[in-house]
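>>> Kindly return the folded structure for what I paste below:
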Amino acid sequence: MVSQEQEGKRSILTEVESKDLLDKAGIPVVRASLAKNQKEAVETARKLGFPVAMKIVSQDITHKSDLGGVKLGLADEAQTQKAYEDMMASIRQKAPDARITGVSIQKMTRPGIELIVGLSRDPQFGPMIMFGLGGTLVEILKDVSFRLVPLARRDAAEMIKEIKGHAILQGYRGQEPVNIRALEDFILLVSEFIEKNPQIEELDLNPVFGYRDGVIAADARIILKE
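Numbers count the residues shown, from 1 in each chain. The predicted model follows:
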């Protein structure tokens, strides 16, 4: 049974729980494991195989990287131990009241074009899927497109073409292009997932890495209605 962190009248799923649900729905994600302390973090990293990424798990922290809550490319146990210590020290300093569930550990995935896929709810029209360029600059660039759920393949294709950075998806300066068909499939799977789960109030997949051979979500956040 999925445990839920309470925030007012909403339930926030952890990254690990969110990815479990998405994975079961057939949506490609980088699976993550929850570690509740430093020892578990090291053991989990060893089990997954280095290099790994570590991210803070807290219902009170949305922008993890801003608070030192993301550590990438950890190559061995010593780096994992230090990353955990540094992360907790940073969080205690910058967000002392944040409730910490633990950290998520996942295998590093290769660099790709960073995208975002999300859900917002219009009071009049209902659930809408958002697509655009992702990563840490998403709130500045605001290069996104929207469609009402459910989507047909034509809708997904149009969403992709509508963003200003569409040319980036074709590959630039040595960056491999994104498999557009796989990206359409990804968006359609998210649309189907939202349609089948009306209790989902918010969904944020960022970054989603786009490659020549596919698409995969590296981070995920789901908020449920009570």
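>>> per the record, what domains does the chain have?
31-107, 113-225 (automatic domain parsing).
>>> gap between the two ends of the shortest one?
End-to-end distance for domain 31-107, by Cα to Cα, to the nearest Å: 8 Å.
>>> follow-up on the earlier one: I'd like the domains of the chain as a markdown table, with distance to residue 18 appended.
Heads up, the C-betas are built off the backbone N, CA and C, glycines and all. Formatted as a markdown table, the domains of the chain follow (distance: least, Cβ to Cβ, whole Å):
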| stretch | distance to residue 18 |
| --- | --- |
| domain 31-107 | 9 |
| domain 113-225 | 4 |
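>>> so can I have a markdown table of those showing mean neighbour count?
Output for the domains of the chain, formatted as a markdown table (neighbours: other Cβ atoms under 10 Å):
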| stretch | mean neighbour count |
| --- | --- |
| domain 31-107 | 17 |
| domain 113-225 | 17 |
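>>> For the helix or strand harbouring residue 140, name the packing helices and strands.
When secondary structure is defined by DSSP states H and E, residue 140 falls within helix 138-141. Taking 3 or more Cβ pairs under 8 Å, 6 or more residues apart in numbering; DSSP states H and E as contact, the helices and strands that helix 138-141 lies on are strand 126-133.
>>> tell me what the strand it packs on is packed against?
Against strand 126-133 (3+ Cβ pairs under 8 Å, 6+ apart) you get strand 113-122, helix 138-141, strand 144-148, helix 153-162, helix 180-196.
>>> Residue 71 falls within a strand, correct?
Yes - secondary structure assignment places residue 71 in a strand (DSSP: H, G, I helix; E, B strand; the rest coil).
>>> Specify the beta-bridge partners of it.
Under DSSP bridges, the beta-bridge partners of residue 71 are residue 54.
>>> quick one, what contacts it?
In this structure, residue 71 makes contact with 53-55, 83, 86-87, judged by Cβ atoms under 8 Å, 6 or more residues apart in numbering.
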